[in-house]
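> Take this sequence and fold it.
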Amino acid sequence: MASDPIDPSSTKTRILYQHQVSPPVGSVPDSSVPLSFFDAAWLFTGPLERLFFFSVPKISTIDFTSTHLPSLQSSLSQTLKQFYPLAGRVRPCPNPSPDNQFEFYFSPTNDSIPFCFAETSSDFDELTSNEAKKFEELYSLVPQLPRANDGTTPLTAIQVTLFPQKGFSIGISVHHVACDDLSFMHFVQSWAATCWVGSEPVPPPLFDRALVPDPNRLYFKTLSEMKEMLSNGPPPPQSDQPPVEQPQPLISSFILTREQIDMLKNGVISKFNDSNLHCSAFTVACAYAWVCLINSQEENNNKNKNEKAHLLFSVECRARMDPPIPKGYFGNCLRPCFVEAEMDDLQIFPQGAFNAAREIGKAIKELENGVLEGAEGWFRKILSLLPNRPMSIGGSPRFRVYDSDFGFGKPVKVELPTIQKTPGTVSLAESRDGKGGIEIGVVMTESEMRRFEKCFVDGLLRI
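Residues are numbered from 1 along each chain as shown. All right, here's what the predicted structure looks like:
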């Protein structure tokens with residue numbers, strides 16, 4: 001269940017003004033792109049959100065608004081010539097059919113991206129550290145998608161926030177129906193390359209939905225299933241008592257170094273001695289985060305040891321499709337991957353992490369049977385797991401978020417605030433130092449964060 005949104009008005013950040021940014025006049029005509037069945041699965045969800053922080057010491061508001069801000073806006077406009085659907089919206093098809101009910105639509109006269117400029121008195125060094133900080137303060141830097149009253153869904157919003165004398169952040173929100181993380185970063189890195197003259201150009205996106213065949217009518221089946229479930233409405237409240245006020249969440253990052261990752265991998269390989277076992281940096285990082293999360297959640301201490309623990313993460317399908325889909329394909333191309341393990345097998349270090357890694361490896365290995373195997377039941381299975389509070393994963397080290405250089409050097413910090421909306425979600429990214437480590441991001445209450453940190457630190461000492 002998604003958490004309540006944070007109210008940006010209660011923070012130290014204030015919006016100074018808002019522009020609308022669109023592709024250059026005359027560069028893109030009225031255009032539409034159909035949704036694939038991969039896109040349709042995200043139609044009734046929300047945005048992907050990322051924050052990129054850049055250090056620019058001694059930068060003043062006047063200097064930033066006169067030089068850097070116009071460059072960010074003009075380069076965004078140029079980038080949207082190729083990524084024009086992001087400036088548009090999703091709408092019902094004018095002439096729908098069961099297998100083509102919604103489309104991405106861009107109108108050069110009506111559509112654009114809201115581009116906010118804000119200033120904050122928040123502590124730049126604190127927000128860009130790995131230490132725990134108030135999520136509410138961080139979230140004030142994230143733009144909110146505009147709401148439409150005409151049955152359409154705007155896709156993108158951007159907010160640039162200045163920390164005077166310190167640096168700035170770029171917050172980007174893109175509705176998940178438009179793209180997955182790989183395509184999200186394709187857009188960001190294209191914008192960065194356009195902004196920074198002299199950088200390597202990024203290949204253009206591909207929007208051809210013919211690259212995603214749908215012989216089993218998964219588009220129609222997915223939408224029908226989703227509409228049926230939505231029409232039934234949410235379950236009735238369990239109690240007439242007023243909701244208990246929840247503690248303010250904190251967000252923090254934890255680093256697994258390359259050496260620690262290798263130690264975890266060696267431990268898994270040594271314990272199971274299975275040549276067919278899939279064991280990667282991603283696998284052991286997920287496993288270690290999963291075990292730390294389980295041990296940080298107080299309610300798990302009272303669970304029956306025979307109960308199951310669940311992990312859910314998305315798998316990139318482009319290279320796994322038959323035939324493979326080009327990497328530059330822009331949109332969604334994800335399937336869920338389900339992992340189940342005995343709770344008792346995950347609660348002791350370091351064996352719990354090794355057991356978790358084995359189960360994750362098995363689930364990934366099963367994808368070799370066919371990446372679309374069981375596709376018709378994915379949505380119902382996800383919903384059936386939600387009451388069990390599965391851990392889920394956002395992001396991946398493969399997306400290279402720290403390579404997003406707009407001409408100010410690589411970001412000093414990248415955050416994935418989206419993870420706050422679904423309890424039990426953690427983010428993964430490559431470590432900023434480029435030495436092969438993995439950055440794990442979590443959002444928790446203060447007490448949970450203390451337990452997670454203790455598990456994380458103590459567990460590494462036992463490997």
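
> per-residue confidence for Leu293?
Leu293 is assigned 95 on the pLDDT scale.

> got it, and Gln297?
pLDDT, Gln297: 84.

> what comes up buried for the lowest-mean-pLDDT helix or strand in the chain?
Lowest by mean pLDDT, DSSP states H and E among the helices and strands of the chain is helix 218-231, with a mean of 86. The neighbour-count check on helix 218-231 (16 or more other CB atoms under 10 Å) flags 218-223, 225-226 as buried. For the C-beta atoms, the positions are set from N, CA and C on the backbone; glycine is no exception.

> now swap in stretch 419-438 and tell me
For stretch 419-438, by 16+ other CB under 10 Å, it's 419-432, 437-438.

> That stretch - what's its average pLDDT?
Stretch 419-438 shows a mean pLDDT of 95.

> Break down the stretch 1-150 of the chain into its strands, ranges please.
Assignment of strands within the stretch 1-150 of the chain using DSSP state E, counting those that start in this stretch yields the ranges 13-21, 31-34, 47-55, 89-97, 100-106, 113-120, 133-134.

> mind exporting the second one as CSV, just the C-alpha atoms?
Think strand 31-34. The C-alpha trace of strand 31-34 is given here as CSV (Å, rounded to 0.1, in the frame of the first residue of the first chain):
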residue,chain,number,x,y,z
SER,A,31,2.2,12.7,-32.8
SER,A,32,0.9,9.6,-31.1
VAL,A,33,2.6,6.3,-30.0
PRO,A,34,0.6,3.2,-29.0
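
> Out of the buried residues of stretch 419-438, which comes closest to Ile59?
Here the nearest of the buried residues of stretch 419-438 to Ile59, counting by CB to CB, is Arg432; it sits at 20.7 Å.

> Could you list the low-confidence segments of the stretch 101-250 of the chain?
232-245 (pLDDT under 70).

> so where do the helices sit in it?
124-127, 135-139, 181-195, 218-231 (DSSP state H, counting those that start in this stretch).

> and Asn95, which of those is closest to it?
The closest of those to Asn95 is helix 218-231. By CB to CB, the value is 15.8 Å.

> Residues contacting that closest one, please?
Residues outside helix 218-231 that contact it (CB atoms under 8 Å, 6 or more residues apart in numbering) are 35-37, 40-41, 43-44, 98-101, 372, 375-376, 379-380, 383.

> again, only this time at 7 Å
37, 40-41, 44, 98-99, 101, 375-376, 379-380, 383 (CB atoms under 7 Å, 6 or more residues apart in numbering).

> when you check these against the helices, which ones overlap?
37, 40, 379-380, 383 (DSSP state H).

> Now render the residues you listed as CSV, adding neighbour count, distance to Ser22 and pLDDT.
Listed next are the ones in helices among the contacts of helix 218-231 as CSV, based on neighbours: other CB atoms under 10 Å; distance: CB to CB, whole Å; pLDDT from 0 to 100:
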residue, neighbour count, distance to Ser22, pLDDT
Phe37, 22, 29, 96
Ala40, 23, 26, 95
Phe379, 16, 34, 86
Arg380, 11, 39, 87
Leu383, 12, 37, 85
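
> Generate JSON lines for the residues you listed, with distance to Leu138 as supplementary columns.
Shown next, in JSON lines, are the ones in helices among the contacts of helix 218-231 (distance: CB to CB, whole Å):
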{"residue": "Phe37", "distance to Leu138": "34"}
{"residue": "Ala40", "distance to Leu138": "31"}
{"residue": "Phe379", "distance to Leu138": "31"}
{"residue": "Arg380", "distance to Leu138": "34"}
{"residue": "Leu383", "distance to Leu138": "29"}
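
> Over to stretch 187-204 now: how far is its first residue from its last?
By CA to CA, to the nearest Å, the extent of stretch 187-204 from end to end equals 9 Å.

> repeat for stretch 56-66
Per CA to CA, stretch 56-66 runs 15 Å from first to last residue.

> any idea which of the buried residues of helix 218-231 is closest to Ser280?
Distance to Ser280 across these (CB to CB) is lowest for Leu218, with 28.1 Å.

> ok, Ile255 to Glu131 distance?
To Glu131, Ile255 is 12 Å away according to CB to CB, to the nearest Å.

> Apologies, that question was intended for Gln248.
16 Å.

> ok so, going back, so can I have CSV of the buried residues of helix 218-231 showing distance to Phe313?
CSV is the format used below for the buried residues of helix 218-231 (distance: CB to CB, whole Å):
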residue, distance to Phe313
Leu218, 20
Tyr219, 23
Phe220, 26
Lys221, 23
Thr222, 19
Leu223, 23
Glu225, 21
Met226, 21
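
> Quick check: of those residues, which lies closest to Tyr17?
Met226 (38.1 Å).

> you'd agree Pro47 is up against Leu145?
Yes: if you go by CB atoms under 7 Å, Pro47 and Leu145 touch, sitting 5.5 Å apart.

> Spit out the residues that contact those two alike.
Going by CB under 7 Å, 6+ apart, residues that sit against Pro47 and also against Leu145 are 173, 175.

> more crowded one of those two?
The residue with more neighbours, out of Pro47 and Leu145, is Pro47; 23 against 17, by other CB atoms under 10 Å.

> From Lys410, how far out is that one?
Computed with CB to CB, the distance linking Pro47 and Lys410 is 24 Å.

> Kindly report the same for Gly328.
23 Å.

> all strands of the stretch 301-450 of the chain, in order?
308-316, 334-342, 391-395, 413-415, 425-430, 438-444.

> if we can go back for a sec, closest one to Asn273 among the strands of the stretch 1-150 of the chain?
Within the strands of the stretch 1-150 of the chain, the stretch nearest Asn273 is strand 47-55; the backing value is 39.5 Å (CB to CB).

> between the closest one and strand 391-395, how big is the angle?
Angle, strand 47-55 to strand 391-395, by axes from the mean of the first three to the mean of the last three CA atoms, to 10 degrees: 50 degrees.

> Next, the angle from strand 47-55 to helix 181-195.
Angle, strand 47-55 to helix 181-195, by the same axes, to 10 degrees: 40 degrees.

> What are the contacting residues of strand 47-55?
With contact meaning CB under 7 Å, 6+ apart, strand 47-55 is reached by 128, 138, 141-142, 145, 167-176, 181, 184, 404, 406, 408, 411-418.

> ok, now stretch 119-128?
Here stretch 119-128 has contacts from 12-14, 16, 53, 61, 133, 137-138, 161-164, 166-167, 412-413, using CB under 7 Å, 6+ apart.

> For that stretch, measure first residue to last.
Across stretch 119-128, the terminal residues are separated by 16 Å (CA to CA).
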